[in-house]
Structures are given as structure tokens and as C-alpha cells.
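[1] Sequence first, then the predicted structure, then my questions.
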Protein chains: 2
Amino acid sequence: MTDTMTSEKTTYHHGDLRAALVEATRQLIEEKGIDHFSVSDACRRAGVSTAAPYKHFKNKGDMIVAVVLQSMDRHKHEMLEAMTVYPEGSIERIRALGQNYVGFALREPGMFLLRFGHNDGPQLPEIEEAGQDIYDIVQNEVAKVLGEPGITDKVRQRSFMLWSFVHGLSMLSMNPEFAEKGGNLDPDLLLQEIGWRVLRDEATVPL
Amino acid sequence: MTDTMTSEKTTYHHGDLRAALVEATRQLIEEKGIDHFSVSDACRRAGVSTAAPYKHFKNKGDMIVAVVLQSMDRHKHEMLEAMTVYPEGSIERIRALGQNYVGFALREPGMFLLRFGHNDGPQLPEIEEAGQDIYDIVQNEVAKVLGEPGITDKVRQRSFMLWSFVHGLSMLSMNPEFAEKGGNLDPDLLLQEIGWRVLRDEATVPL
DNA sequence: TGTCAAAGTTAGCGTCTCTTACATATGTAA
DNA sequence: TTACATATGTAAGAGACGCTAACTTTGACA
């Protein structure tokens, strides 16, 4: 046996072709967008034949799902990491979550659009579950900051308001032509501003 | 000459095939999404051969651009109509704009995603201009409500905050699986709430 | 060492796509 | 009526793509 743990590719038996294909797929979607992604391209980038993926994935959609799930897992861990440096129950944690959300959209626009720029019927249960995991983080933090005993209606309302704003800010910031319409404002300042305004207990309409 | 103004299709000389193709394209994108749209499908729906579009459009992309521009024009007129029933300078006008924005996304999700769910390099000048037209409406109204003498930095900031929120609310509301995470809150209530909070002159950060 | 499953490759089928070249029908205007 | 520009149809090219079947290499293990 030669070296199996180095990244040298001998011939057959790639070592972890599945991971390599997922990474190639991710790169290509980031570079050219989902509508110009093809399995053939991923194979060329990974340096394997066009039939190879079908030993690891059921079909093209299955490859994309794998990439999305991997990206969502990364996002979740990044959020937790960014949040936990601030004291529990502090508004800084919320702001860190928002900053991370916008940052993720800017770092991985292809993945972000893959998750949200579509409307092809209902999502797969796995993806929906991963999304719920992420949203749970937000709701729990909002509950703590507002001093609510769990996920109350008020928590749900404020969380959704925050999500709407941060999500919209992410989408617009991703596109330079839209971002400059806001005068190239620092998203962090906007997040600070909006977080404060959304979470405060003032309302014109009853909760 | 037979009847030219009725919608009866004799054979040759459709009357306004260009408009018919635009409408077919619009319908198909709404029904199946942009990634499953094909020129052939549009031809089948319009009842013409697959070569017919190329007498009216340069290529597939040109057809889509025509559909987007038509949709943006519709959106602009709807916004103006929804707004002008309220007194000038009133906050109700802003809320009407927001409601219309969300409503448009719900009525024409395909067109909405076509405008925003992409990131294929810079947009065409025509589309960007149409987008600026629409955004100008918002900025002018925000300036009036805030009593600012034109498009000041403050107006730009508040407009962008509003846009971010309304845009995010639209994107999330379009997808039932996301909308229900907000507890199926009435978007109108959220708009009223957020409009008030965003436009008020209180801030934690200096403008 | 021999066997076998796993993980590649080669070759190709079938389909759909956008687009063009050329033929044909139609309306208009002299 | 005739000529001509415009609008559509016919037919086909050229290529990409997803996916499968069948073959080959490899490494692990009895």
C-alpha cells in the first residue's frame, strides 16, 4: 500500500470522493449560481468521471441537498460560536446573531440563495429540521432578553420581526447594487439600531 | 381582412405574438419557477412554433428581461395607486407602500424571486433604472413623513431600514414553512408595528 | 493467496435545449 | 393584380445534460 492519508490522488479509490464532490459542488454553486451548476462540472473539478457521483448520491438533487445540509450545519455552529462570547441574556448576543446571519449571507451567498431564493414546493424534512434548529437559537435568546418564560406569543412576534429585518438586510447587502441604495451604511450599525427598536416594549398595536 | 382586434387566432399573423409570449412566459415562471422555464414551453402555451420568438426577442434572456420589466412597471403603478388614497405626508402612505410590497411578492412570487432571488452579476441598466424608480417613491414618502428637505442621510438610513424589513417580511411570507415560524402573524400588523418603530426619532446610535 | 464487495471508468442512450436557415403564408400598398 | 415586407412554420443542427449498464481496478479479509 502506498500513502492513503496524504492528498495525493493515485488513481482509483479517491479516499473520500463524497466529501470532495460536495466541496466541488459548493464551490461551483458559489461561483456560477445554482442555475448554471451541472453534475458534469462537479466531476471535472473533482477529477473523476461523470458516472462516479452515482456511487455516493442518488441523483443531482441529492448532491445539492448534501451541500445545503453541510452549509446549514456550518451556519449553526458559527452562530453558536459568535453568540457565546457574550453574557447570557444580554442584547449583545442577539446582535451577534444578527451580525453572523448577515455575515453568512455575504460569505456564502450561493448557499444562502439556495436556501431562500427558491420556492420549489415544500422542503425536505431534513432541511426543515436543520432550519428549525437554527431558528430555535434565535427564539431562545429573544425569550431570555425579554425575560419571557419560554416561547410565548410575544417572543414569536419579536423573533419574527427580527428575522424579517435581518433576512431582508442580508438579501439586500448581498447585492452591491441594492446595498448602495442604502448609502452603503454599515450593516452593523443598522443591526444595532433595529435590534434596539424591535425588542423594546413599545407598541402601537396590542400584542 | 377578417377580425384583427378579437382574440381569435386565425393562423399566421397572430396580432401581437410578442405580448402573448410575454404573458405565456410570465405564467410559466409563476407556475414552475425560473429554473424550469424553457422557450419551448412558452411556444407551446402560445400555440406557435419554437422558432417564432426569435422574430420578437433576441434570445431567451431577452424574453425574461421583457417579463421582468413588465412586472416592475405593474408593481410601480400598483404602489402609486395604493399610496395616493391617503393624505400626502401621512404615515398611512408608508404603510400602504409596505403592504403593497408584501402583497406583490405574494401575488407574483415568480416575478419577485426573478428580481431578487438571483445574483448573476450586475443587472441590465433598464432593470436597474426601473428599480430606482420604485425606490424613489419610497424615499420621497419617507422624506415627507420625517419632514426632511429632500433625500438626506437620515432619509436614506430610514428608507433602507424599512426596505430591509419589508423585503425580508416579503421573502419569508412567500414561503408557508417560514411564515408559520412567525406564528402566522398578520403581516399588516407587523408592518404597522415596524413602520412606527423605524420611523420614530429615537436611536441608540448617532445618525 | 484467493475471493468479493466497494469504488472507480468507459461508453453511450435518450432527452431536452436554444438557435438558425430556409420555405411559406399573409396583409398592404402601388 | 402584383410586388414586397412582415410574420410565422418546418426542419434540423449542435451540444449539454442526467443517468445507466457493464467492465475494471483496488483493498480488505478469510
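    Arrived safely, thanks for sending.

[2] what helix or strand is A:Gln139 on?
    Here A:Gln139 is covered by helix A:125-146, with elements defined by DSSP states H and E.

[3] Tell me how far the following helix or strand past that helix lies from the chain's centre.
    Along the chain past helix A:125-146, the next helix or strand (assigned with DSSP H and E) turns out to be helix A:153-174. For helix A:153-174, the gap between its own C-alpha mean and the chain's C-alpha mean amounts to 14 Å (Cα atoms, centre = their mean, to the nearest Å).

[4] What of stretch A:44-61?
    With Cα atoms, centre = their mean as the basis, stretch A:44-61 stands 24 Å off its chain's centre.

[5] Now it: buried residues?
    Neighbour-count burial for stretch A:44-61, with 16 or more other Cβ atoms under 10 Å in any protein chain shown as criterion, is recorded at A:Arg45, A:Ala46, A:Val48, A:Ala52, A:Pro53, A:His56, A:Phe57. In this view, the C-beta of every residue, glycine as well, is placed from N, C-alpha and C.

[6] In contact with A:Leu80, which residues are there?
    For A:Leu80, the residues meeting the contact criterion (Cβ atoms under 8 Å, 6 or more residues apart in numbering or on different chains) are A:Ile137.

[7] switch the cut-off to 10 Å
    A:Leu97, A:Asn100, A:Ile134, A:Ile137 (Cβ atoms under 10 Å, 6 or more residues apart in numbering or on different chains).

[8] Next, count neighbours for the residue lying closest to the third one once chain neighbours are set aside.
    Excluding the flanking residues, the one nearest A:Ile134 by Cβ to Cβ, 6 or more residues apart in numbering or on different chains is A:Lys76, at 5.3 Å. Burial measure for A:Lys76: 16 neighbouring residues, criterion other Cβ atoms under 10 Å in any protein chain shown.

[9] May I have the phi/psi pair for A:Gly47?
    The main-chain torsion angles of A:Gly47 are listed as degrees, to the nearest 10 and equal phi 80, psi 30.

[10] Relative to DNA strand D, how far out is it?
    Distance check for A:Gly47 against DNA strand D: by Cβ to the nearest atom of the strand, to the nearest Å, it reads 15 Å.

[11] Look up how far B:Asp16 lies from the closest residue to A:Leu169 other than its chain neighbours.
    What sits nearest to A:Leu169 in space, not counting adjacent residues and going by Cβ to Cβ, 6+ apart, is B:Ser164, at 4.2 Å. Remark: distance between B:Ser164 and B:Asp16 (Cβ to Cβ, to the nearest Å) = 39 Å.

[12] Have a look at these two and say which one is more surrounded.
    In terms of neighbours (other Cβ under 10 Å), B:Ser164 is the more surrounded of B:Ser164 and B:Asp16; the figures are 27 against 12.

[13] The more buried one touches A:Trp163, doesn't it?
    No: proximity of B:Ser164 to A:Trp163 does not meet the contact threshold set by Cβ atoms under 10 Å, at 11.7 Å.

[14] Tell me which residue of chain A lies closest to chain B.
    When distances are taken as Cβ to the nearest Cβ, chain A reaches nearest to chain B at A:Gly168, 2.7 Å away.

[15] got the contact list for that residue?
    B:116, B:160-172.

[16] Same check on A:His77?
    Taking Cβ under 10 Å, 6+ apart, one finds nothing in contact with A:His77.

[17] Need the phi and psi values for it.
    When read as degrees, to the nearest 10, the backbone of A:His77 gives phi -70, psi -40.

[18] circling back: now, which of the buried residues of stretch A:44-61 lie within strands?
    Counting by DSSP state E, none of the members of those fall within strands.

[19] In a markdown table, list those along with distance to chain B and pLDDT.
    Putting the buried residues of stretch A:44-61 into a markdown table (distance: Cβ to the nearest Cβ, whole Å; pLDDT from 0 to 100) gives the following:
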| residue | distance to chain B | pLDDT |
| --- | --- | --- |
| A:Arg45 | 20 | 96 |
| A:Ala46 | 23 | 95 |
| A:Val48 | 26 | 95 |
| A:Ala52 | 25 | 96 |
| A:Pro53 | 20 | 97 |
| A:His56 | 24 | 97 |
| A:Phe57 | 19 | 97 |
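
[20] ok, so of those, who is nearest B:Leu69?
    The nearest member of those to B:Leu69, counting by Cβ to Cβ, is A:Arg45 at 35.9 Å.

[21] Need the nearest residue in space to that closest one, chain neighbours excluded.
    A:Ala24 (4.1 Å).

[22] how about the CA coordinates for stretch A:108-121, as PDB?
    Once side chains and other backbone atoms are set aside, the C-alpha atoms of stretch A:108-121 remain, and they are given as PDB (Å, rounded to 0.1, in the frame of the first residue of the first chain):
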ATOM      1  CA  GLU A 108     -21.700  32.200   1.300                       C
ATOM      2  CA  PRO A 109     -24.200  33.900  -1.000                       C
ATOM      3  CA  GLY A 110     -24.700  30.800  -3.100                       C
ATOM      4  CA  MET A 111     -25.700  28.700  -0.100                       C
ATOM      5  CA  PHE A 112     -27.900  31.500   1.200                       C
ATOM      6  CA  LEU A 113     -29.800  31.800  -2.000                       C
ATOM      7  CA  LEU A 114     -30.100  28.100  -2.300                       C
ATOM      8  CA  ARG A 115     -31.900  28.000   1.000                       C
ATOM      9  CA  PHE A 116     -34.100  31.100   0.500                       C
ATOM     10  CA  GLY A 117     -34.100  32.100  -3.200                       C
ATOM     11  CA  HIS A 118     -36.300  29.300  -4.200                       C
ATOM     12  CA  ASN A 119     -39.900  28.200  -3.900                       C
ATOM     13  CA  ASP A 120     -39.900  24.700  -5.300                       C
ATOM     14  CA  GLY A 121     -42.600  23.200  -3.200                       C
END
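
[23] residues touching A:Ala143, list them.
    A:Ala143 makes contact with A:Gly89, A:Pro149, A:Gly150, A:Ile151, A:Thr152, A:Lys154, A:Val155, A:Arg156, A:Arg158, A:Ser159 under the criterion Cβ under 10 Å, 6+ apart.

[24] try it again with 8 Å
    The contact partners of A:Ala143, taken as Cβ under 8 Å, 6+ apart, are A:Pro149, A:Gly150, A:Ile151, A:Thr152, A:Val155.

[25] No more questions from me, cheers.
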